[in-house]
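> attaching a predicted model along with its sequence, questions to come.
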4 protein chains.
Amino acid sequence: MNLVKLQERLSAFADERDWHRFHSPKNLAMALSVEAAELLEHFQWLTESQSSSPESVDRSAVAAEIADIQIYLAMLSDKLGVDIEKAVNEKIDTNAIKYPPSVRPPADE
Amino acid sequence: MNLVKLQERLSAFADERDWHRFHSPKNLAMALSVEAAELLEHFQWLTESQSSSPESVDRSAVAAEIADIQIYLAMLSDKLGVDIEKAVNEKIDTNAIKYPPSVRPPADE
Amino acid sequence: MNLVKLQERLSAFADERDWHRFHSPKNLAMALSVEAAELLEHFQWLTESQSSSPESVDRSAVAAEIADIQIYLAMLSDKLGVDIEKAVNEKIDTNAIKYPPSVRPPADE
Amino acid sequence: MNLVKLQERLSAFADERDWHRFHSPKNLAMALSVEAAELLEHFQWLTESQSSSPESVDRSAVAAEIADIQIYLAMLSDKLGVDIEKAVNEKIDTNAIKYPPSVRPPADE
């Protein structure tokens, strides 16, 4: 996924509709949070095991919520000048130190 | 950003820590929603205008929250077999039809 | 719980700290949503069954999050002129019609 | 608002529909969080000033969301044995110490 191209496309989309005035980082973070709850709503009354099952989950509706979250995340990062890929790599590195892999028991135990 | 490689890396990370048992779609959607609120918290008491200002926003802390959201979004999509890039493109196409660009006033008005 | 007295107390508290300028309905709804996620975080990696168990849940920390949500709900309702008790009664009446009790099987089945 | 009576009424309501099996604390915290986002959605694209204005806000729809949050908060507290009123009083006392009132300037300034 080319994030820069996606951000350019989303910015042009907002331009054509005169929407940038609504897109303060505060509002975009709210919108992202609302979309995250709409995603959550799909799993709310399912058991964990049902939430993994294609019969219980409307995958195309869930995919549309995932898209909304990705879109707002790209727009917000663009407004704030955050490089998502760099931030992700740094976070994984931090987590690798914070949560070392479990020590495996010796093979003969 | 190579989403497939990111998903493979995150899956290996979870494997090494025996975390997959926690990563039902239900739990990942909850975790994503919690991270979205942590992002929101940074903007909560700011005005919209302050939320755009580098002096008011701790960009490196915000970047770490954005990374967490991107990470859970990639993990959840992986578990559900959702292609994020395809879902994003479809959503933009849907939005283009749902929200046509504002009609421009004629040039001589 | 006397909601009017609670709202008066919270309003005096905000007055004494000059906080009313931060307490637009928009900001209070954001704060409430952030607190709801902090509550959710306590249950995020628990199974449903663990979430009912006093050994797995830090009840005093959870009680503090519940208090935060109740406080923001009272403040927001005060700002908007919403009578919470009346709204709750109307919602229960609506739900009783929307979701009729399951029809019980006849006694001789 | 009599919280104990409300909790009894909500528990009977769930009983009549065989819904208690869905009402783990984990699920109720999720539902509360989803309702908080539905409330937030009403204010998402408004300015702070618009969010205070009766013309911009659909008060009856907002009241219904507030009711949903109060209902899930009462149900969750009931399941966990948390006394909401006591928790609220303790939280206000804690906040009074954590955030002392601003020192007022001397009267002759």
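Nice, I can see it.
> count of neighbours near the closest residue to A:L73 other than its chain neighbours?
Ranked by Cβ to Cβ, 6 or more residues apart in numbering or on different chains and with sequence neighbours excluded, the top spatial neighbour of A:L73 is B:I69, at 5.8 Å. Every C-beta, even on glycine, is put in place using the N, C-alpha and C of the backbone. Applying other Cβ atoms under 10 Å in any protein chain shown, we find 29 residues neighbouring B:I69.
> which ones are touching B:I69?
The contact partners of B:I69, taken as Cβ atoms under 8 Å, 6 or more residues apart in numbering or on different chains, are A:32, A:36, A:69, A:73, B:32, B:35-36, B:39.
> quick one: pLDDT of it?
For B:I69, the model assigns a pLDDT of 98.
> where's it, which helix or strand?
Element membership for B:I69 (DSSP states H and E) is helix B:59-80.
> got the buried residues for that helix?
Across helix B:59-80, burial judged by 16 or more other Cβ atoms under 10 Å in any protein chain shown covers B:62-80.
> quick check: angle from it to helix A:59-80?
Relative orientation of helix B:59-80 and helix A:59-80, computed by axes from the mean of the first three to the mean of the last three Cα atoms, to 10 degrees: 160 degrees.
> helix B:59-80: how far from the chain's middle?
6 Å (Cα atoms, centre = their mean, to the nearest Å).
> return the list of helices and strands in contact with the helix or strand following that helix.
Elements were assigned by DSSP H and E; along the chain past helix B:59-80, the next helix or strand is helix B:84-98. Packing partners of helix B:84-98 (3 or more Cβ pairs under 8 Å, 6 or more residues apart in numbering or on different chains; DSSP states H and E): helix A:3-16, helix A:59-80, helix B:59-80.
> and the pLDDT for the residue of chain A found nearest chain D?
Proximity to chain D, evaluated over chain A using Cβ to the nearest Cβ, is greatest for A:A37 at 3.1 Å. In the prediction, the pLDDT value recorded for A:A37 is 98.
> ok, the lowest-mean-pLDDT helix or strand in chain A near chain C or not?
Ranking every helix and strand in chain A by mean pLDDT, DSSP states H and E puts helix A:48-51 at the bottom, with a mean of 95. Yes: Helix A:48-51 is in contact with chain C by Cβ under 8 Å from any Cβ of the partner chain, via A:E48.
> touching chain B at all, that helix?
Yes: under the criterion of Cβ under 8 Å from any Cβ, helix A:48-51 makes contact with chain B via A:48-49, A:51.
> save those residues as a markdown table, and put in neighbour count too.
Listed next are these as a markdown table, based on neighbours: other Cβ atoms under 10 Å in any protein chain shown:
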| residue | neighbour count |
| --- | --- |
| A:E48 | 17 |
| A:S49 | 10 |
| A:S51 | 20 |
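> what's the closest of these to chain C?
Distances from chain C to the residues of helix A:48-51 next to chain B, taken as Cβ to the nearest Cβ, are shortest for A:E48 (7.1 Å).
> up against chain D, what does chain A have?
By Cβ under 8 Å from any Cβ, the residues of chain A that approach chain D are A:22, A:27, A:30-31, A:33-34, A:36-38, A:40-41, A:43-45.
> ok, and of these, which contact chain B?
With the criterion set as Cβ under 8 Å from any Cβ, the members of the residues of chain A next to chain D near chain B are A:27, A:30, A:33, A:36-37, A:40, A:43.
> make a markdown table from these and add secondary structure to it.
Formatted as a markdown table, these follow (DSSP: H, G, I helix; E, B strand; the rest coil):
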| residue | secondary structure |
| --- | --- |
| A:N27 | helix |
| A:M30 | helix |
| A:S33 | helix |
| A:A36 | helix |
| A:A37 | helix |
| A:L40 | helix |
| A:F43 | coil |
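> which of these come close to chain C?
Restricting these to those touching chain C (Cβ under 8 Å from any Cβ) yields A:30, A:33.
> list just the nearest of the ones next to chain B among the residues of chain A next to chain D to B:S102.
When these are ranked by distance to B:S102 (Cβ to Cβ), A:N27 comes first, at 19.1 Å.
> next, count neighbours for that closest one.
Residues near A:N27, counting by other Cβ under 10 Å: 23.
> let me see the contact set for it.
B:48, D:44-45.
> tell me the confidence at A:P105?
So A:P105 comes in at 56 (pLDDT).
> try A:A64
As summarised for this prediction, A:A64 has a pLDDT of 98.
> which residues does it contact?
Applying Cβ under 8 Å, 6+ apart, one finds that A:A64 lies in contact with B:87, B:90-91, B:94.
> whichever of those end up buried, select them in PyMOL.
Applying 16+ other Cβ under 10 Å to these leaves a buried subset, and the PyMOL line that selects it is:
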select buried, chain B and resi 87+91
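> closest one of the contacts of A:A64 to A:F13?
Distance to A:F13, by Cβ to Cβ, is smallest for B:K91 among the contacts of A:A64, at 11.0 Å.
> which stretches of chain A have low pLDDT?
Counting by pLDDT under 70, chain A contains low-confidence residues at A:103-109.
> one more time with 90, if that's ok
Along chain A, the parts satisfying pLDDT under 90 run over A:102-109.
> show me which residues of it are close to chain C?
Taking Cβ under 8 Å from any Cβ as the test, the list of chain A residues beside chain C reads A:30, A:33, A:47-48.
> still on that earlier bit, can you flag the buried ones in the contacts of B:I69?
Applying a neighbour-count criterion of 16+ other Cβ under 10 Å, the buried members of those are A:32, A:36, A:69, A:73, B:32, B:35-36, B:39.
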